[in-house]
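Chemist: can't give you the sequence, but here's the structure:
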């Protein structure tokens, strides 16, 4: 229920959609004979699109998320590497018969690099179907193919294919691999997604080691530049806003151990 509600609510309130709906509302108000109110609403929507699309608002929202956790070299043996789903486009890949990586595809390529760096570590991929209609191949099906193509032996890979969100990633993976006390497990996901992810694992008593990847900003220097294109700026605002809203929602529902998990 939480998963479906979160998907539906976010579709409406995500900044890019909300701003477009605001423009539509303004146009409707003008058409209904409320020109002053309609023009005001249109101006608000237009200003919002310009600020979110062209100014570095997305960078400002993204930096605290991406900088929260830094990579730290493990100070001992690595028992396993956990890769969160989200880096594979299931619909395009299934239609084309290929493995199609998304903007978060670095989650998988970084996992391959770590698997070669730590040849004794288990490799675990977690991710099922993230769409509202749980039908068709899971993201894990494509992950199996991807890791096989990258030369990872099938007997080294463990796949969890039932989870649909980050909290389930943590809970289902722990039940599947049964980590032992004192073991060191690396968690690979996008840097902007790492605080919420670590919080979910800590909430179930699994102190993983953060290994962030898929950075969307170069750092504070990006705050002095305009976005290269409006669509990029809007996407960054959407991604960052979703993560901040997710942190709040997960904390309120007890899915994380802190509002803004820290190292």
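Modeler: Arrived safely. None of these values were measured; they are calculated from a predicted model.
Chemist: ok, now which ones touch residue 54?
Modeler: Residue 54 makes contact with 226-227, 230, 233, according to C-beta atoms under 8 Å, 6 or more residues apart in numbering. All C-beta atoms are positioned from the backbone trio N, CA, C, and that covers glycine.
Chemist: Let's see which of those end up in strands.
Modeler: In strands, defined here by DSSP state E, there are no members of the contacts of residue 54.
Chemist: Just the helices from the stretch 151-263 of the chain, written as ranges.
Modeler: 166-177, 194-203, 230-252 (DSSP state H, counting those that start in this stretch).
Chemist: looking at those helices, which is closest to residue 59?
Modeler: Taking C-beta to C-beta as the criterion, helix 230-252 is the member of those that comes nearest to residue 59, at 6.8 Å.
Chemist: buried residues in the closest one?
Modeler: Across helix 230-252, burial judged by 16 or more other C-beta atoms under 10 Å covers 233-244, 246-247, 249-251.
Chemist: ok, the most centrally placed residue in the chain - contacts?
Modeler: In the chain, the C-alpha closest to the average C-alpha coordinate belongs to residue 193, at a distance of 5.0 Å (C-alpha atoms, centre = their mean). Contacts for residue 193 (C-beta under 8 Å, 6+ apart) come out as 65, 84, 86, 166, 243.
Chemist: one more time with 10 Å, if that's ok
Modeler: 65-66, 84, 86, 104, 107, 166, 212-214, 239, 242-243, 246 (C-beta atoms under 10 Å, 6 or more residues apart in numbering).
Chemist: Next one, pLDDT for it please.
Modeler: As predicted, residue 193 sits at a pLDDT of 98.
Chemist: so what secondary structure elements neighbour the worst-scoring helix or strand of the chain on mean pLDDT?
Modeler: Using mean pLDDT, DSSP states H and E, helix 2-13 stands out as the lowest-scoring helix or strand of the chain, at a mean of 74. Helix 2-13 makes packing contacts with helix 15-31, helix 166-177, helix 230-252 when contacts are defined by 3 or more C-beta pairs under 10 Å, 6 or more residues apart in numbering; DSSP states H and E.
Chemist: how is this protein carved up into domains?
Modeler: Here the chain is described, according to automatic domain parsing, as comprising the domains 2-66+229-252, 80-213.
Chemist: Report the outermost residue of the protein with respect to its centre.
Modeler: Relative to the centre of the chain, the most outlying C-alpha is that of residue 33, 43.0 Å out, by C-alpha atoms, centre = their mean.
Chemist: count of neighbours near residue 110?
Modeler: As a burial measure, residue 110 scores 20 neighbours (other C-beta atoms under 10 Å).
Chemist: let me redo that: residue 8
Modeler: Around residue 8 there are 11 residues (other C-beta under 10 Å).
Chemist: for residue 176, same thing?
Modeler: 16.
Chemist: just the one 3 residues further on next, same as before
Modeler: The burial metric for residue 179, expressed as a neighbour count using other C-beta under 10 Å, is 21.
Chemist: dump the residue contacts of it.
Modeler: Residue 179 makes contact with 79-80, 82, 122, 124, 173, 185, 201, 205-208 under the criterion C-beta under 10 Å, 6+ apart.
Chemist: Narrow those residues to those in strands?
Modeler: 80, 82, 122, 124, 185.
Chemist: Could you identify which of the residues you listed has the most neighbours?
Modeler: residue 82 (29 neighbours).
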